[in-house]
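**Q** Predicted model and sequence follow; I will ask about them next.
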Amino acid sequence: MGDMATQIRETDTVAFRRFSAEEYHRLGEIGVLGACERVELLDGFLIDMPPIGYRHEYVSSTLANLIVRAVGAGEIIRANSPISLSANSEPQPDVIVLQAPPTRYRDRLPGPADILLLIEVADSSRAYDRGPKAQVYADAGIEELWIVDLVAAELLVLREPRAEGYASTVVLRRGDRISPTRLPSVIVEVSAFLDAAQP
């Protein structure tokens, strides 16, 4: 069970109900969750996501475009698109690199085995992205997670998922370069997207 559920259970006065992905979709179908609401399902909890700010969107788009150019037509890049990690987790990462072909996802959401690289851009959500959300990604076996921390102006590269989280964390800053483990021919300059975060 993810860290978030553990923390809530440790408070004796809070009652909570967890949802399955099926129930989550049903809430959308019957109108409880509006089409414009930014909500994601993580470890059974409905997480109300803050609006995407200008800097966050700009950095996400810059990163997606950098990866698209580096990858070419070989893989699929999606932004702010849901993935299915388990029966009770459907987060919406900022950028995902998926295995081709696109027809694999015609009748289902991408799952952990489809994901070559997952990227979150963190500003107001940095504690959530670096904590409970990263833990759920590790629990699901996501091999490589990048967290672009706009507050600290750094890139966290998390690899080797374990039950207790990621065993390997590397912090990169401007001037550094990075290649995803499963896309070794892709070389990304950290400055190329961190500089985009500057006002």
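**A** Ah, there it is.
**Q** going forward, measure contacts between C-alpha atoms and count neighbours the same way
**A** Will do.
**Q** Which helix runs longest in this structure?
**A** For the chain, the longest helix by residue count, based on DSSP state H, is helix 54-71.
**Q** Could you name the helices and strands sitting against that helix?
**A** For helix 54-71, the packing partners by 3 or more CA pairs under 8 Å, 6 or more residues apart in numbering; DSSP states H and E come out as strand 76-79, strand 95-98, strand 115-122, helix 190-194.
**Q** Ok, which of those comes nearest Val136?
**A** strand 115-122 (12.6 Å; CA to CA).
**Q** Check whether Ile83 really touches Ile96, as I assumed.
**A** No. Applying CA atoms under 8 Å as the test, Ile83 and Ile96 come out as separate, 9.0 Å apart.
**Q** Just want to know which of these two has more residues nearby.
**A** The neighbour count for Ile83 versus Ile96, taken as other CA atoms under 10 Å, is higher for Ile96 (26 against 19).
**Q** check contacts around the residue lying closest to the more buried one once chain neighbours are set aside.
**A** Excluding the flanking residues, the one nearest Ile96 by CA to CA, 6 or more residues apart in numbering is Leu118, at 4.7 Å. Listed by CA atoms under 8 Å, 6 or more residues apart in numbering, the contact set of Leu118 reads Pro93, Val95, Ile96, Val97, Ile142, Glu144, Leu145, Trp146.
**Q** between these, which is nearest Arg182?
**A** Arg182 has its nearest neighbour among the contacts of Leu118 in Glu144, at 8.7 Å by CA to CA.
**Q** show me where the protein has strands.
**A** For the chain, strands defined by DSSP state E occupy the ranges 39-42, 45-48, 76-79, 95-98, 115-122, 144-149, 154-162, 165-172, 177-178, 188-189.
**Q** Just the buried residues of the third one, please?
**A** By neighbour count, and taking 16 or more other CA atoms under 10 Å as the criterion, the buried residues in strand 76-79 are Ile76, Ile77, Ala79.
**Q** What are the buried residues along the longest helix of the chain?
**A** 55-57, 59-64, 66-68, 71.
**Q** what would those residues look like in JSON lines with pLDDT and distance to Asp114?
**A** Supplementary listing: the buried residues of helix 54-71 in JSON lines, determined by pLDDT from 0 to 100; distance: CA to CA, whole Å:
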{"residue": "Arg55", "pLDDT": "87", "distance to Asp114": "28"}
{"residue": "His56", "pLDDT": "86", "distance to Asp114": "25"}
{"residue": "Glu57", "pLDDT": "89", "distance to Asp114": "24"}
{"residue": "Val59", "pLDDT": "91", "distance to Asp114": "24"}
{"residue": "Ser60", "pLDDT": "90", "distance to Asp114": "20"}
{"residue": "Ser61", "pLDDT": "91", "distance to Asp114": "21"}
{"residue": "Thr62", "pLDDT": "91", "distance to Asp114": "23"}
{"residue": "Leu63", "pLDDT": "91", "distance to Asp114": "20"}
{"residue": "Ala64", "pLDDT": "90", "distance to Asp114": "17"}
{"residue": "Leu66", "pLDDT": "89", "distance to Asp114": "20"}
{"residue": "Ile67", "pLDDT": "89", "distance to Asp114": "17"}
{"residue": "Val68", "pLDDT": "88", "distance to Asp114": "17"}
{"residue": "Val71", "pLDDT": "83", "distance to Asp114": "16"}
